[in-house]
Structures are given as structure tokens and as C-alpha cells.
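Peer 1: Predicted coordinates and the sequence they were generated for:
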Amino acid sequence: MGRFYITTPIYYVNDAPHVGHAYCTVNADALARWHRLIGDETKFLTGTDEHGQKVADAAEQHGLSAQDWTNQTSARFREAWDALDISYDDFIRTTEPRHYESVQKFLTAIYDNGYIYKDVYKGLYCVSCEDYFTLESSDEGRCPIHGRALTEMEEENWFFRLSAFQDRLLEYYERHPEFVTPETKRNEALSFIKGGLHDISITRTSISWGVPVPWDDRHVFYVWYDALINYLTAIGYGRDDDEVDTWWPSSHHLIGKEIIRFHCVWWPAMCMAAGLEPPSHVQVHGWLLVGGQKLSKTMAAEGGVRLSDIAPVQLTNEFGIDPIRYYLLRETILGNDGDFSHEGITLRYNSDLANNLGNLVARVTTVVGSKCGGRGPAPQMQSPLRTEAEMAISETKAAWGRFAPQGALEATWRLIGATNAYLEEHAPWKMEPGPELDAVMGDALEAIRLVAILCSPAMPGVAVEIWRRIGLSGSPTDRVVDESAQWGQYSAGAPVEKGEPLFPRMKSDE
Ligand code: MSP
């Protein structure tokens, strides 16, 4: 058993959470739940990124102070995560005193190590990205991501000597081939590094909404420069060295593909400059697209996508918590872009949840009710289903282990498919009560028990409900998966309950 420290990016609080944010958070949550299930000591961090121009502008537009605005919007993220059953261990806000303390200590370490100097910065700025572009890297003076006109800015700034880290970064990548996954994204990061690194401006005097620079009180840190440090704040950087030593070597950052440069180039270099090892792993995910467009707040504001239709809380009200979690995890391979649509959710729901899982549980509980006196029979130790189950268990484990929730669910669903096929082959609904029927039903109940365990990181609520319906005490996550996911542990004689359909079929729009 090991340790697992997983983080999401911290979300900007310029507007409410949307399903693109939920995508990242649900993936991180499922991975955290899986690692708890294998017995790893796990810490799952998420939170909100509250400084910078974009947030200050949003507060002003709403006639609120920056702090009031961030309090309000940060709370909406927490509400969304509660609605999605997100099991974070810590929720960080970058306006918290603990963060100021860690940021100031971390950056002072870099300053003391000689990697920070003063110069004049001139560039084209995109407020939505909170990032500078050169004329060449811009789209003829417009932001290549948001399409909006860039603002010309000139400031006296403090700079981070990123250029000094090119060789060290390349060497780090060489020695840690799994630092960034998937491979395509690793190559993208590598090509940024090989393309040449320029020093970066890390402070601002044009705004005051930020963490003050300890050695120059006219400046605040540039929002990205304070934000990245949140991953260390939460494990006590500058306050508790043991805590940092405990968690940092098993750190995993889950991030969207547009923030690769910050996490896979700047961040490891910043860590090196402060005298710390880089994080151990960055897993990159793609974007959820609606009609081929990234779901972003800025685009919505410009009339592109109607985000009000896809707020996480609304989705869970419409489809249920676990079906949405399942869809987000199952539909898209982590690392690829995916399409998000209501029709897509309905299709997945009806096929995988209603027809496969729901139907399996309904069939088994019904037959046990009508032909086994409502008590679950024992599984057979030698069963054709056992082989299928063991294969599914090992494939599911391997997939979660390589950050592939989609593959894990596919493997688990193969066991559901095999169990449904087993039932069809024996047609217990046509059999007379007796040992033969009991054997089939015991096997099916055992497969359902295993499915409940294996799907619990994705659908924690459903897993518990299935466990209860097949009459088991405790919960599917009470024991580590290596002990519980072994064929043959269903407790014979347990009271089985049919109950309402787990996933009533949904009408599709077509
Ligand atoms: N505040 C920075 C991150 C700082 S981390 C030290 C930021 N915030 S964000 O709110 O704009 O985005 C946070 C995450 O949400 C990113 O990983 C981004 O990829 C993800 N998503 C935002 N829209 C998305 C989709 N449409 N699809 C999938 N994820 C996307 O960047």
C-alpha cells in the first residue's frame, strides 16, 4: 500500500462552475476513490483560484468587492462538488492566509537562490488566459484560444529565470518518462521546452488583487505564479516540512490540455528553483466539446454555448448524480477530447445503466424473490462466471492504475455483460426451484457483489444501494479491493430486496 496525492486545477472564480470543470473533478474523485479502495493513504485536493485580473473584473462587473465576489463564487464550486458527491479531502482557496504564507516562502526561496530579477516587460495580454502572447504567438493580435483582441501592456516586473532550466527540464523528462501522460501530451510539453524557454514576468503593479511580493510591496504576484503553489500550500509548504516530505513524492496533477505549459514546464522549473523535486506525475485530459467547441465561460458570454443548460447541479437534478458521473468517466478516454450532449447521456444511460446494470440487478433480485424465498443462495466455487469475473477484476484494476477510468468501466461492464449472458443461457426464470437454480442465482449475486465493489469509485451511491439490495451488511468500500474482490464471498442466506428500478429508462429526444 502506498500514498496517493491527487489534485485538480484550482478553478477561476470569475463565473459559476460548468460541466467542463465537473469533468476534471469527477475524474480526480474517481481516481481518489479507487486509491482509497486499494488501501492507499489518499489526499484529494481541489479548490478555487481567486486572484488576477479576470476575477477582479468579474467582481467589479457585479458591483462587489473582490473578496465578497470570490466568497460567493467559491461557494458555488463547493455546492457543485457536493451535488456530484465529490470526496475531496481539502478545498483550497488562494485568498486564505495559509496560501499567502506558502507562496511568499516558496518565492522567497527562489529569490534567495538567485532565479528572480527585475526588468521591464512589454507584451500582448489576454485577460481570459491571464497570459501574455507575442505578436507571432498571437492570432494577428487576437488571442489564439479566446479570439478576443489582446491588450498591449508595459510594466516593470520581477522575472523568473525560466531560461536557466531548459537542460535540467530535458534531463528530468528523460529520467522520468512517465512524468507527463499521455505520451502525446508529454511530447507537446517537450516541444515547448525544446523550442526555447524565455524568462517569465511573475509580478504585477497594475493590479493589487494578488499575493504581495515580500521583498517589494508595490508588486503582487502574477496569478499563475501564485496559483501553482496551491499544490504545496495544501501539504503545508513552509509550515510543516514532514507533511511535504510525506505527500510530495506521490503527487499527481490532473489538468486540462490548455494548461500544459504552466504545469509541465513552469511548475517543475519553479520547484527546481526553490530546491524541491518536481511533482511526480501530471495527467493531462482533453476538453469536453459542445458541437465541436470548448465549453468555456468566455465563449458563453460571447454567445457561443449556453452554459446555463449545462451547470453540474442542473444535470444531476435531471439525470441523477451517479449517471452523470458515469457518463463523464465512461464516454471519453482520459487524454482525448470528448463530445458532451444530452442525447449522449441518454444513450449511455439507457444502454449501460438501464439495460445492462439495472436490468441485471432487477432480474436477479426478482428471481431470488420469487423462487429462492427472498434469500440469496451461495455462489459455486467452480463457475464459468468465476473466470469472467477474475478477468474483469484484473483488467479493472490495471486500468484504474494507469489513470484510465474509461477502460476500467469498460472492463467492469464486461462482467455485467457476461452475467446477463449467463442468465440468458440458463433462463432461471423458467427453472424450477432447487439446487440448480440456486447455483445460477448464487453466481449471479456474487458477480453483482463484485460489480458493486468495482464500480464504487465511479458510482458510489449506486454501489452502496446495490450492496444493500443484495442483502449485504456494511458497504462495498469497507475492505481493500484485494481482499473483497475475490470470488466466492457472497453471504448465502442474505435477504434480497427487489426495490424500484435502479435506472428507469429515459425517453430519448429522437
Ligand atoms: N485557474 C487555472 C488553473 C490553475 S491550476 C494551478 C484555470 N482555471 S479554469 O477554471 O479556467 O480551468 C480549470 C480546469 O477546467 C482546466 O484544467 C480546464 O481544462 C478545465 N476545463 C474548463 N473547460 C473545460 C472543458 N470544456 N472540458 C474539460 N475541461 C475543461 O485554468
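Peer 2: Cool, got the structure.

Peer 1: counting contacts, what elements does whichever strand or helix holds residue 132 pack onto?
Peer 2: Secondary structure from DSSP states H and E places residue 132 in strand 131-133. The contact analysis (3 or more C-beta pairs under 8 Å, 6 or more residues apart in numbering; DSSP states H and E) places strand 131-133 against strand 116-126. For the C-beta atoms, the positions are set from N, CA and C on the backbone; glycine is no exception.

Peer 1: from the stretch 101-250 of the chain, which residue is nearest to the ligand?
Peer 2: In the stretch 101-250 of the chain, the residue that lies nearest the ligand is residue 227 (3.9 Å; C-beta to the nearest ligand atom).

Peer 1: State the number of residues packed around the residue nearest to that residue when sequence neighbours are not counted.
Peer 2: Take residue 227 and drop its neighbours on the chain: the residue closest to it by C-beta to C-beta, 6 or more residues apart in numbering is residue 49, 4.8 Å away. If you count neighbours by other C-beta atoms under 10 Å, residue 49 ends up with 26.

Peer 1: Residue 450 now?
Peer 2: For residue 450, using other C-beta under 10 Å, the count is 28.

Peer 1: quick one on the thing from earlier: let me see the backbone angles for the residue nearest to residue 227.
Peer 2: phi -100, psi 110 (degrees, to the nearest 10).

Peer 1: Can you give me every residue that contacts the residue of the stretch 101-250 of the chain closest to the ligand?
Peer 2: 10, 49, 51, 94 (C-beta atoms under 8 Å, 6 or more residues apart in numbering).

Peer 1: Mind doing that once more with 10 Å?
Peer 2: Listed by C-beta atoms under 10 Å, 6 or more residues apart in numbering, the contact set of residue 227 reads 9-10, 12, 47-52, 94, 99, 103, 130, 211, 221, 259, 262, 267.

Peer 1: near the ligand, from these?
Peer 2: Among the contacts of residue 227, the ones lying near the ligand by C-beta under 6 Å from any ligand atom are 9, 10, 12, 49, 259.

Peer 1: among these, which are in helices?
Peer 2: Judged by DSSP state H, these include no members of helices.

Peer 1: Residue 419: which of those residues is nearest?
Peer 2: residue 9 (38.5 Å; C-beta to C-beta).

Peer 1: Tell me, how many residues neighbour the closest one?
Peer 2: Neighbours of residue 9 (other C-beta under 10 Å): 23.

Peer 1: swap in the one 5 residues further on?
Peer 2: The tally of other residues near residue 14 (other C-beta under 10 Å) stands at 25.

Peer 1: what about the strands in the stretch 51-200 of the chain?
Peer 2: 90-93, 116-126, 131-133, 151-160, 180-181, 200-201 (DSSP state E, counting those that start in this stretch).

Peer 1: Export those to CSV and append columns for distance to residue 410 and mean neighbour count.
Peer 2: Listed next are the strands of the stretch 51-200 of the chain as CSV, based on distance: least, C-beta to C-beta, whole Å; neighbours: other C-beta atoms under 10 Å:
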stretch, distance to residue 410, mean neighbour count
strand 90-93, 31, 18
strand 116-126, 39, 16
strand 131-133, 37, 20
strand 151-160, 43, 16
strand 180-181, 19, 22
strand 200-201, 41, 22
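
Peer 1: Reformat those as JSON lines; add mean pLDDT and distance to the ligand.
Peer 2: Formatted as JSON lines, those follow (pLDDT from 0 to 100; distance: least, C-beta to the nearest ligand atom, whole Å):
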{"stretch": "strand 90-93", "mean pLDDT": "98", "distance to the ligand": "10"}
{"stretch": "strand 116-126", "mean pLDDT": "90", "distance to the ligand": "12"}
{"stretch": "strand 131-133", "mean pLDDT": "85", "distance to the ligand": "10"}
{"stretch": "strand 151-160", "mean pLDDT": "89", "distance to the ligand": "15"}
{"stretch": "strand 180-181", "mean pLDDT": "98", "distance to the ligand": "14"}
{"stretch": "strand 200-201", "mean pLDDT": "91", "distance to the ligand": "15"}
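
Peer 1: Any stretches of the stretch 401-510 of the chain with poor pLDDT?
Peer 2: 509-510 (pLDDT under 70).

Peer 1: And the helices in it?
Peer 2: 405-426, 435-455, 460-469, 481-484 (DSSP state H, counting those that start in this stretch).

Peer 1: So which of those helices is the most surrounded?
Peer 2: Comparing the helices of the stretch 401-510 of the chain by mean neighbour count (mean count of other C-beta atoms under 10 Å), helix 435-455 ranks first with a mean of 24.

Peer 1: count of residues packed around the spatially closest residue to residue 169 that is not a sequence neighbour?
Peer 2: Using C-beta to C-beta, 6+ apart and skipping the chain neighbours, the partner closest in space to residue 169 is residue 193 (5.1 Å). Neighbourhood size, residue 193 [other C-beta under 10 Å]: 21.

Peer 1: need the contact list for residue 193.
Peer 2: With C-beta under 10 Å, 6+ apart, residue 193 has these contacts: 162, 165-167, 169-170, 172-173, 261, 264-265, 268-269.

Peer 1: Now, of those residues, which are buried?
Peer 2: Among the contacts of residue 193, the ones that count as buried by 16 or more other C-beta atoms under 10 Å are 162, 165, 166, 169, 172, 173, 264, 265, 268, 269.

Peer 1: And those, which is closest to residue 124?
Peer 2: So of the buried ones among the contacts of residue 193, ranked by how close each gets to residue 124 (C-beta to C-beta), first place is residue 162, at 18.7 Å.

Peer 1: Can you flag which of the ones next to the ligand among the contacts of residue 227 belong to strands?
Peer 2: Among those, the ones falling in strands (DSSP state E) are 12, 49.

Peer 1: least trustworthy position among the ones next to the ligand among the contacts of residue 227, going by pLDDT?
Peer 2: Across the set of these, residue 12 stands lowest in pLDDT, at 94.

Peer 1: And for that one, the neighbour number?
Peer 2: 23.

Peer 1: Look up the closest residue to it, ignoring the ones flanking it.
Peer 2: In this structure, residue 12 finds its nearest non-sequential neighbour in residue 49, 5.2 Å apart by C-beta to C-beta, 6+ apart.

Peer 1: I figured the one you found hits residue 209, correct?
Peer 2: No: contact status for residue 49 versus residue 209: not in contact, 11.9 Å apart, counting by C-beta atoms under 10 Å.

Peer 1: any residues in contact with both of the two?
Peer 2: Contacts common to residue 49 and residue 209, judged by C-beta under 10 Å, 6+ apart, are 55, 70, 95, 223.
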